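>>> the sequence and its predicted three-dimensional model are supplied below.
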Amino acid sequence: MTEKAGRFVIGGWKVALLAGLLGIAIGIGGMLAANGYFVRAYLLEHPEVLPEAMERLRAREMATVVRQNRYAIERPFHGAWAGAADADVVLVEFFDYACGYCRAANPDIERLLREDRRLKVVWREYPVLGPNSEQATIASLAAAKAGRFRQFHDRLYASGRPTEASIAAASRAVGIAPATLTDEFRRELERNFDLARSIGATGTPTWVIGDQVLQGAIGYDALKAAVEAARSR
């Protein structure tokens with residue numbers, strides 16, 4: 001009788017514990033359901049928050065992609081870079097010589113380099129605007145390999161939208177022979193297109209600064225703010 005009673009008491013304790021846990025689980029489930037209801041109701045009442053939420057989610061996803069590919073993104077092709085070799089922040093521009101917004105951003109980059117001695121800028125060729133873009137890119141890669149990238153880069157931009165004549169003139173001015181698409185150049189371009197796709201680049205210019213991916217002609221102030229944000233992290 002005592003043994004049975006003992007088992008009964010122990011069994012009752014277990015039953016009580018299970019009942020308690022079940023009650024807690026039901027309570028938590030009710031809270032979650034209620035919270036879900038209120039969240040849904042809030043979103044229906046304030047749909048304007050959804051684009052911001054989606055943008056934040058995209059930014060987090062892109063930051064992860066950038067961190068996973070940072071070495072490839074920030075490693076320049078030969079001389080296609082400027083600034084501090086031991087920089088604490090690297091600004092990467094995916095650009096196209098036929099892109100007017102890229103051309104307009106060139107003075108902003110020059111200003112950043114003058115003002116910030118700890119910044120490094122890396123240019124990645126991303127020719128998406130037609131045959132003249134591709135021809136300009138091949139000449140630009142040849143200039144980068146010869147250590148004359150910035151001279152060619154600035155001179156071709158100064159001549160406006162690239163043409164066969166302006167590309168040849170810029171090449172002659174910096175002492176570069178007419179260039180052809182070599183296997184090395186082809187691999188670099190394939191790498192750049194793969195990287196651009198991985199970060200969701202929709203056109204040029206596309207910027208990678210720290211963990212941020214920014215699109216379009218965002219201007220000097222936004223570029224400077226992104227550099228400062230990357231430095232603070």
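Perfect, thanks for sending it.

>>> now stretch 70-78: buried residues?
Ile73, Glu74, Pro76, Phe77 (16 or more other CB atoms under 10 Å). C-beta here means a position set from N, CA and C on the backbone, and glycine is covered the same way.

>>> please read the previous query as pertaining to stretch 193-212.
193, 195-196, 198-199, 201, 203-212.

>>> try stretch 134-147
134-146.

>>> distance to Arg231, secondary structure and pLDDT added to those, as CSV?
Shown next, in CSV, are those (distance: CB to CB, whole Å; DSSP: H, G, I helix; E, B strand; the rest coil; pLDDT from 0 to 100):
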residue, distance to Arg231, secondary structure, pLDDT
Glu134, 35, helix, 97
Gln135, 37, helix, 97
Ala136, 32, helix, 98
Thr137, 31, helix, 98
Ile138, 35, helix, 98
Ala139, 34, helix, 98
Ser140, 29, helix, 98
Leu141, 30, helix, 98
Ala142, 34, helix, 98
Ala143, 30, helix, 98
Ala144, 26, helix, 98
Lys145, 31, helix, 97
Ala146, 32, coil, 97
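
>>> quick one: which of these is nearest Arg172?
Nearest to Arg172 among the buried residues of stretch 134-147 is Ala139, at 10.4 Å by CB to CB.

>>> wait, the closest one sits on Ala173?
No - at 11.3 Å, Ala139 and Ala173 do not qualify as touching, with contact defined as CB atoms under 8 Å.

>>> kindly report the domain assignment for the protein.
1-47, 70-232 (automatic domain parsing).

>>> for Tyr126, grab the count of nearby residues.
24 (other CB atoms under 10 Å).

>>> so what's it up against?
Applying CB atoms under 8 Å, 6 or more residues apart in numbering to Tyr126 gives the contacts Phe94, Phe95, Asp96, Asn192, Phe193, Ala196, Ala201, Thr204, Thr206.

>>> will you turn these into JSON lines that also has pLDDT?
Supplementary listing: the contacts of Tyr126 in JSON lines, determined by pLDDT from 0 to 100:
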{"residue": "Phe94", "pLDDT": "98"}
{"residue": "Phe95", "pLDDT": "98"}
{"residue": "Asp96", "pLDDT": "98"}
{"residue": "Asn192", "pLDDT": "98"}
{"residue": "Phe193", "pLDDT": "98"}
{"residue": "Ala196", "pLDDT": "97"}
{"residue": "Ala201", "pLDDT": "94"}
{"residue": "Thr204", "pLDDT": "97"}
{"residue": "Thr206", "pLDDT": "98"}
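
>>> farthest pair within the residues you listed?
Phe95 and Phe193 (13.2 Å).

>>> okay, and the helix or strand of this protein with the least pLDDT?
Every helix and strand of the chain was ranked by mean pLDDT, DSSP states H and E. The lowest is helix 2-45, at a mean of 51.

>>> so which of the buried residues of stretch 193-212 belong to helices?
If you go by DSSP state H, the buried residues of stretch 193-212 have Phe193, Leu195, Ala196, Ser198 in helices.

>>> tell me the contacts of the first one?
It refers to Phe193. Per CB under 8 Å, 6+ apart, neighbours of Phe193: Tyr126.

>>> roughly how far apart are it and Gly160?
Distance, Phe193 to Gly160, using CB to CB, to the nearest Å: 25 Å.

>>> still on that earlier bit, most widely separated two among the ones in helices among the buried residues of stretch 193-212?
Phe193 and Ser198 (9.7 Å).

>>> ok now stretch 87-95, how far from the chain's centre?
10 Å (CA atoms, centre = their mean, to the nearest Å).

>>> got the buried residues for it?
Result for stretch 87-95 [16+ other CB under 10 Å]: buried residues Ala87, Val89, Val90, Leu91, Val92, Glu93, Phe94, Phe95.
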